[in-house]
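J.: Show me the folded form of this:
(2 chains)
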Number of protein chains: 2
Amino acid sequence: MQTVSEWYTTIVERAGLAEHSPVRGCMTIKPYGWALWENIQRPLDEAFKATGHQNAYFPIFIPLSFLAREAQHVEGFAQECAVVTHYRIKTDTATRSVSPDPEASLEEPLVVRPTSETIIWHSFKDWIHSYRDLPLLINQWANVVRWEKRPRLFLRTAEFLWQEGHTAHATAEEALQEARMILDLYASFVQEYLAIPVIKGVKTPNERFAGAVETFTIETLLIDGKALQAGTSHFLGQNFARAFDVKFLNAQNELEYVWATSWGVSTRLIGAVILSHGDEKGLILPPRIAPIQVVVIPIWRKEEEQAAVTQKAREVTEQLKAKGIRVKLDDDPQHRPGWKFNEWELRGVPLRFAVGPRDLEAGTVEVAWRHSAHKSTYPQSEAIARIEEWLMDIQKGLFDRAKARMESQIYRTDNYTEMREILEEKGGFIFAHWDGTTETELAIKEETGATIRCIPLEMPSEEGRCIYTGRPSSQRVLFAKAY
Amino acid sequence: MQTVSEWYTTIVERAGLAEHSPVRGCMTIKPYGWALWENIQRPLDEAFKATGHQNAYFPIFIPLSFLAREAQHVEGFAQECAVVTHYRIKTDTATRSVSPDPEASLEEPLVVRPTSETIIWHSFKDWIHSYRDLPLLINQWANVVRWEKRPRLFLRTAEFLWQEGHTAHATAEEALQEARMILDLYASFVQEYLAIPVIKGVKTPNERFAGAVETFTIETLLIDGKALQAGTSHFLGQNFARAFDVKFLNAQNELEYVWATSWGVSTRLIGAVILSHGDEKGLILPPRIAPIQVVVIPIWRKEEEQAAVTQKAREVTEQLKAKGIRVKLDDDPQHRPGWKFNEWELRGVPLRFAVGPRDLEAGTVEVAWRHSAHKSTYPQSEAIARIEEWLMDIQKGLFDRAKARMESQIYRTDNYTEMREILEEKGGFIFAHWDGTTETELAIKEETGATIRCIPLEMPSEEGRCIYTGRPSSQRVLFAKAY
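T.: The predicted structure is shown next:
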């Protein structure tokens, strides 16, 4: 039997989303995968702009010494940095071999950004002088590199694409509010566009972003019962302002360090979509982000039917296009309809319209739903009229289904042996009491492989005893094995 | 007196477009500069898609050995490659100093892509099998790195942003046609959106892209009389297909090497805009790409006027917004109107609407044109009604002005001494005969600093004698000193 992991890699490659590249840990995002990323970027970018953020772009290279300025930050990223040491290569014309030119080594090596706090806060020092320059709300769409030991397409790659927001504020309250606002924005986006349910929470100190005072996160659970961190938003306190000496004159004319946030989501979201909705036939894409929302396939057996059926399929395609639907007419004569049905199911297209000789006479189309495998014939005019309604229903249906699935995989227990059994046999989220110490967290991780995904924000406090040590606890936290 | 070069750097920084970064040769693109880049990206991306291209994304790292596969290609880029040699850094906790970890050096160093032909053609080998897979029309939006000895913001930076198209075709004719189609697309875009006139041509062998059979280019002339290559489109023949062994089965079932093109434009276009239209007051931005097309400024002296005037300015702003105009209301009470006028002129906003107490009574606004310094008062309703017409007129006016300027800087000469004088004193384009040899081209470059920008495509052939050697020539070519 195929493992979920094998299924995942096969689907990602066969559906034309991405493939492994010759550079270890890096991926090539293929056109269909890129179209999906564009459909994720666009609404996010609009949401950032609507909440007052501006895009900018900072250099890909970070001087080694910058990273070192914030002690925890360098600690967190040192193990996974790509380092540029030379600025020229030398070719040996005899052997045609190439190597870094030893005479062109950099005085100070450069790191390919694993994240941009340091280089950005270096700039912010020049950009911020008084409270009138605040808040400063910046976002960047960029590639970043974190060397990965066990890469997986989209979920964990050495190079990945993301947006990183970096904001500066006059007060701690305002910065915290920003971090929370972005968390909500991420949660809404992931739920409404990707149809993926999430749990909002705070990371434990041990799982915090390197350099943050508080890390907020949205966590979801994938079909294999493993958790995935879908996005994080950090309250950085004054850590980076101190490291880069960024002060502002407040309204009382006093110098203060600036307060900060940073936050990001990445191409990893595509992995989340695949592992939230997919099935044995392949991808299932939520209509709001599907590069193709409807595929139209003409079906004919006899040569003499081809022209008329294709003509009708083209007409249906144009009618859908006119309604702003992302539609693809697949009239490729090289492949038979059955092959096409499988292909577009594999690629997760939400709806399929098939037009055959009988539909020609009856003025109908056969509509097939990818996510439910439901199939029905409708008058052409009704199918066109109802298309938005159907797509909205699919979007909602996918979310409801993923939510029901996730909820069925959430367990509450006060018994450590039971917790281990659940983790071993089923995976899933486990709500359990924890004594609040890193020691306990690490011991549980060591013994079970599960980490604390978050301390949920929307959970009532509840007195209890730590599932591991029996010490008092005031709230359940969320344990899971994670990607 | 300020040189054009000093003026340029000052304007780029003061207008908030970009600034130098602590990493030598790299720049930070600030929000206003990024907004300009987004307005360049959007229509280009649409034009690529409308002509059948699909976006994808390939890794930023290229194994050193890949570069070496195409002999001329590595020759062309070896001198300017950033090389990654380590994948981890080591922190010395005592001194808090960091350095590449000697125990984490890569077996094969990686180059940060200076361009992506090699990594892409490596993928194309898997993507292309038969003529049915062709043409393959791919574009990528990405950052690339070419180490620069004399960096200039936008015009020449170590890291820059661009799009790079890479296409594969079954025949040489089709690939050539693609390269020419993209050249035309670039020329139209630069002329219609950036209001910059260009001359289309072919590069001499010496100026060709490393690995190309033919390089097509659009060249323009900036206000200082220097030429700028604004975009290039390469016919790569079968060079990369051979280097990466990419063959396809043709319709006759024979294996053939694939034919290729590649093409790109970059953030350098922003430099071209600044140096085509700017004046002593600062930027002048063409309306089609201006992040802000109209700035609305309320003017009041007495406290009691403020509310009513600001209210009217807001109303005008909303009316413009409703027409889809990119408009900014500057009602910041911190600055006086005069300061604002200067600031928005510096930033190149095409139109300024000022609303004062008198306009309130008369129902008028004062409209000021940035590029012509023309100023007139109009009834508010007329100003709103005519806004699109005015913006179109400005767009056209800027192009016509830049074209007239460029034409005034084009010289024809058959006298080498005169050519040297023109280059020395005025700069500009010089149409002169050339004997077609690289020796002559290099000798002229050595003596005058001018290169052959291109062999124009739309020039009648004309018998003559080489301006340098007196040998026969069949066409004039375009000489200039260039960025």
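
J.: Apart from its chain neighbours, what residue comes closest to the residue of the stretch 301-450 of chain A found nearest chain B?
T.: Residue of the stretch 301-450 of chain A nearest chain B, by C-beta to the nearest C-beta: residue A:334 (6.7 Å). Heads up, the C-betas are built off the backbone N, CA and C, glycines and all. When the adjacent residues along the chain are set aside, residue A:334 lies closest to residue B:132, with 6.7 Å between them (C-beta to C-beta, 6 or more residues apart in numbering or on different chains).

J.: pLDDT score assigned to that neighbour?
T.: As predicted, residue B:132 sits at a pLDDT of 95.

J.: Regarding the residue of the stretch 301-450 of chain A closest to chain B, which helix or strand does it belong to?
T.: Using DSSP states H and E, residue A:334 is not contained in any helix or strand.

J.: pretty sure the residue nearest to residue A:334 belongs to a helix, no?
T.: Yes. Using DSSP: H, G, I helix; E, B strand; the rest coil, the assignment for residue B:132 is a helix.

J.: what about it, neighbour count?
T.: When neighbours are counted by other C-beta atoms under 10 Å in any protein chain shown, residue B:132 registers 12.

J.: Residue A:384 too?
T.: Residue A:384 is surrounded by 18 other residues when neighbours are defined as other C-beta under 10 Å.

J.: May I ask which helix or strand encompasses the closest residue to it other than its chain neighbours?
T.: With C-beta to C-beta, 6+ apart as the criterion, residue A:384 has its nearest non-adjacent residue at 4.8 Å, and that residue is residue A:319. Per DSSP H and E: residue A:319 is located in helix A:303-322.

J.: Please name every helix or strand in contact with that helix.
T.: Using 3 or more C-beta pairs under 8 Å, 6 or more residues apart in numbering or on different chains; DSSP states H and E as the contact criterion, the secondary-structure elements in contact with helix A:303-322 are strand A:294-298, strand A:327-329, strand A:351-355, helix A:357-362, helix A:380-385.

J.: Now for chain A, the helix or strand with the poorest mean pLDDT.
T.: Among the secondary structure pieces of chain A, namely its helices and strands, helix A:71-77 has the lowest mean (mean pLDDT, DSSP states H and E), a mean of 86.

J.: for that one, which positions count as buried?
T.: In terms of neighbour count (16 or more other C-beta atoms under 10 Å in any protein chain shown), helix A:71-77 has its buried residues at A:73-74, A:76-77.

J.: could those be laid out in a markdown table, adding distance to residue B:385?
T.: What follows is the buried residues of helix A:71-77, written out as a markdown table (distance: C-beta to C-beta, whole Å):
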| residue | distance to residue B:385 |
| --- | --- |
| A:73 | 55 |
| A:74 | 59 |
| A:76 | 58 |
| A:77 | 56 |
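
J.: of these, closest to residue A:347?
T.: Minimum separation from residue A:347 among the buried residues of helix A:71-77 (C-beta to C-beta) is found for residue A:77, which lies at 36.2 Å.

J.: ok, now how distant is residue A:156 from chain B?
T.: Counting by C-beta to the nearest C-beta, to the nearest Å, the gap between residue A:156 and chain B amounts to 15 Å.

J.: domain parsing for chain A?
T.: Per the record's domain assignment (automatic domain parsing), chain A is made up of the domains A:4-277, A:294-391, A:409-480.

J.: any idea which of the ones you listed is most buried?
T.: Among the domains of chain A, domain A:4-277 has the highest mean neighbour count (mean count of other C-beta atoms under 10 Å in any protein chain shown), at a mean of 20.

J.: Quick one, grab the pLDDT at the residue nearest to residue A:69 when sequence neighbours are not counted.
T.: Nearest residue to residue A:69, sequence neighbours excluded (C-beta to C-beta, 6+ apart): residue A:243, at 4.2 Å. On pLDDT, residue A:243 comes in at 95.

J.: Which strand residues bridge residue A:227?
T.: Assessed by DSSP bridges, residue A:227 has beta-bridge partners residue A:221, residue A:482.

J.: Repeat that for the one 10 residues further on.
T.: Here residue A:237 sits in beta bridges with residue A:260, as judged by DSSP bridges.

J.: Could you look up the SS state of the residue at minimal distance from the centre of chain A?
T.: The centre of chain A sits closest to residue A:269, judged by C-alpha atoms, centre = their mean, with a distance of 1.9 Å. Following three-state DSSP, we place residue A:269 in the helix state.

J.: Can you tell me, leaving aside adjacent residues, what's nearest to it?
T.: With C-beta to C-beta, 6+ apart as the measure, residue A:40 is the residue that lies nearest to residue A:269, at 5.9 Å, once sequence neighbours are left out.

J.: For the strand or helix carrying the one you found, what is the distance to the chain centroid?
T.: Using DSSP H and E, residue A:40 maps to helix A:31-50. Relative to the mean C-alpha coordinate of its chain, helix A:31-50 is positioned 11 Å out (C-alpha atoms, centre = their mean, to the nearest Å).

J.: what packs against that helix?
T.: Using 3+ C-beta pairs under 8 Å, 6+ apart as the contact definition, the elements that helix A:31-50 packs against are strand A:54-55, strand A:136-145, strand A:159-169, helix A:172-192, helix A:268-277, strand B:54-55.

J.: between the ones you listed, which gets nearest to residue A:313?
T.: Comparing these by their distance to residue A:313 (C-beta to C-beta), the top pick is strand B:54-55, with 22.4 Å.

J.: just how off-centre is that closest one within its chain?
T.: Relative to where its chain is centred, strand B:54-55 has its mean C-alpha point 20 Å off (C-alpha atoms, centre = their mean).

J.: quick check, that strand touching chain A?
T.: Yes. Where contact is defined by C-beta under 8 Å from any C-beta of the partner chain, part of strand B:54-55 touches chain A, namely B:54-55.

J.: Direction included, what does that strand pair up with?
T.: strand B:136-145 (parallel).

J.: how far away is residue A:152 from residue B:65?
T.: Using C-beta to C-beta, to the nearest Å, we find residue A:152 at a distance of 26 Å from residue B:65.

J.: go on, residue A:271?
T.: Following C-beta to C-beta, the distance that separates residue A:271 from residue B:65 is 30 Å.

J.: which residue does the stretch 101-250 of chain A bring closest to chain B?
T.: Going by C-beta to the nearest C-beta, chain B is nearest to residue A:147 of the stretch 101-250 of chain A, at 4.4 Å.

J.: how about that residue, what does it touch?
T.: With contact set as C-beta atoms under 8 Å, 6 or more residues apart in numbering or on different chains, residue A:147 has these partners: A:25, A:79-82, A:158, B:87-88.

J.: avg pLDDT for stretch A:162-173?
T.: For stretch A:162-173, the per-residue pLDDT averages 98.

J.: what about that stretch, near chain B?
T.: No. Between stretch A:162-173 and chain B, judged by C-beta under 8 Å from any C-beta, nothing touches; the nearest distance is 12.1 Å.

J.: Any idea how far that stretch is from the middle of the chain?
T.: Between the mean C-alpha position of stretch A:162-173 and that of its chain there is a distance of 20 Å (C-alpha atoms, centre = their mean).

J.: Just put the contacts of residue A:147 in a markdown table and tack on pLDDT.
T.: Conversion of the contacts of residue A:147 to a markdown table gives the following (pLDDT from 0 to 100):
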| residue | pLDDT |
| --- | --- |
| A:25 | 92 |
| A:79 | 88 |
| A:80 | 92 |
| A:81 | 94 |
| A:82 | 96 |
| A:158 | 97 |
| B:87 | 95 |
| B:88 | 94 |
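
J.: ok, these vs residue A:249, which is closest?
T.: residue A:81 (35.7 Å).

J.: My guess is that closest one contacts residue A:109. True?
T.: No. Using C-beta atoms under 8 Å, residue A:81 and residue A:109 do not qualify as a contacting pair, with a distance of 9.6 Å.

J.: Residue A:15 contacts residue A:344, correct?
T.: No. With the criterion set as C-beta under 8 Å, residue A:15 and residue A:344 do not qualify as a contacting pair; they are 10.1 Å apart.
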